[in-house]
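J.: next one to model:
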Amino acid sequence: MKKLLIALFVAATFSLLWACQKDSFLPNNNDAADTELMTEIANTSQKTEIDVTTMPNELKQFVAIYYNPIQAANAYIAPQLGYELILEDATTVYFDLNSNFLGNDTNYKGGKPDLLKNGKGCHCLKGDSVALETLPATITDYITANYPSQTIVAAVVKPSGKYGIKLSGGDVLLFDAEGGFVKVCGPPPGDHPHHPKDSTVVINHCLKGDSVALETLPAAITDYITANYPGQTAVSAATKPNGSFAVLISGGQVLIFKSDGSFAFECTAMKPK
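T.: Have a look, this model is predicted:
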């Protein structure tokens, strides 16, 4: 009986550690060859995007075990090299062609680590825009309790059902489909091979201004987004003192338009001289 109790205690303790510290159980990869391969996958321009539902089952299982409840948002295959997965919170994970784990952007030891950093907040805001009044009460209650001086300025729902929420102070939060808090999504500064260079400072600066209702935007703006960013929608918008508009779209980009609604530039890229 005593041995049984000890065994149960050990099992319970291990389960608790596993649930609370999944990241610490990630395979520890210090192999130089694997690190070099991860660097090649990260830097190659030959990657092709694949549907996350068609990626190898081993990759799906790995994400489910080590990153739950975060799911894969994008998947890429680099011919003769391996796979790159970008998760919902912008963590980037690498595998070889045999689905063996190589590493992720938090334990990366390659020569150009900056290439693996993301504007995580922007990535978390990728999804379909959703009316703020339709958000689960658990989300609004959480924000009221934990961010009392901030308000929700934009919200999206992801294919998995999770919600990405942008607050007036610039914080981006991720919630599950039931409205339970998952994590602060970012965004730290940096750039990524699949996304333009950006930074928290640049993005927040671009969105500074007075909030404006999306339905009041000039038709020229909505027409431009429809024509040049098919499948994406405006998530939030602000007007600046000079009359120009800043529009955050569901793909994470911030677009700047002149007061007449004509396109000026994409704010996450370098402003043209």
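J.: contacts and neighbour counts: CA atoms only from here.
T.: Noted.
J.: low pLDDT regions in the stretch 101-250 of the chain?
T.: 106-123, 186-208, 241-242 (pLDDT under 70).
J.: for the stretch 51-200 of the chain, which segments count as strands?
T.: In the stretch 51-200 of the chain, the segments counted as strands under DSSP state E, counting those that start in this stretch are 72-78, 82-87, 92-96, 101-104, 128-129, 152-157, 163-167, 172-175, 181-186, 190-192, 195-198.
J.: so what are the sheet partners of the third one and their directions?
T.: Think strand 92-96. strand 82-87 (antiparallel), strand 101-104 (antiparallel) (DSSP bridges).
J.: for the ones you listed, which one sits closest to residue 153?
T.: Ranking those by proximity to residue 153 (Cα to Cα) places strand 82-87 first, at 23.5 Å.
J.: tell me what angle the closest one forms with strand 72-78.
T.: For strand 82-87 against strand 72-78, the angle by axes from the mean of the first three to the mean of the last three Cα atoms, to 10 degrees is 160 degrees.
J.: my guess is residue 131 meets residue 155, correct?
T.: Yes. Between residue 131 and residue 155 there is a contact under Cα atoms under 8 Å: 7.3 Å.
J.: neighbour count for these two, which is higher?
T.: Between residue 131 and residue 155, residue 155 has the larger neighbour count (other Cα atoms under 10 Å), namely 27 against 10.
J.: for residue 38, grab phi and psi.
T.: Torsion angles at residue 38 (phi, psi; degrees, to the nearest 10) stand at phi -60, psi -40.
J.: residue 42 in helix, strand or coil?
T.: State at residue 42, reduced to three classes by DSSP: H, G, I helix; E, B strand; the rest coil: helix.
J.: can you list contacts of stretch 148-160?
T.: For stretch 148-160, contacts defined as Cα atoms under 8 Å, 6 or more residues apart in numbering pick out 71, 125-132, 143-144, 163-169, 177, 235-236, 250.
J.: rewinding a little: would you mind giving the strands paired with strand 92-96 as TSV with mean neighbour count added?
T.: Below are the strands paired with strand 92-96 laid out as TSV (neighbours: other Cα atoms under 10 Å):
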stretch	mean neighbour count
strand 82-87	24
strand 101-104	22
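J.: between those, which one is closest to residue 265.
T.: Using Cα to Cα, these put strand 82-87 closest to residue 265, at 26.5 Å.
J.: give me the contact list for that closest one.
T.: 41-42, 70-78, 92-99.
J.: what do you get if the cut-off is 7 Å, keeping everything else the same?
T.: 41, 70-77, 92-97 (Cα atoms under 7 Å, 6 or more residues apart in numbering).
J.: and the gap between residue 183 and residue 164?
T.: 10 Å (Cα to Cα, to the nearest Å).
J.: what residues are shared contacts of the two?
T.: With Cα under 7 Å, 6+ apart as the test, residue 183 and residue 164 both reach 173-174.
J.: compare these two (neighbour count), which wins?
T.: When residue 183 and residue 164 are compared for neighbours, residue 164 comes out ahead with 29 against 13, by other Cα under 10 Å.
J.: can you verify my assumption that the more buried one contacts residue 177?
T.: No. Using Cα atoms under 7 Å, residue 164 is not in contact with residue 177, being 10.3 Å away.
J.: would you tell me which one of the strands of the stretch 51-200 of the chain is buried the most?
T.: strand 163-167 (a mean of 26; mean count of other Cα atoms under 10 Å).
J.: and the protein, what are its domains?
T.: Domain assignment for the chain by automatic domain parsing gives 2-116, 125-186, 195-266.
J.: not counting sequence-adjacent ones, nearest residue to residue 238?
T.: residue 211 (4.3 Å; Cα to Cα, 6 or more residues apart in numbering).
J.: tell me the spacing between the one you found and residue 39.
T.: 41 Å.
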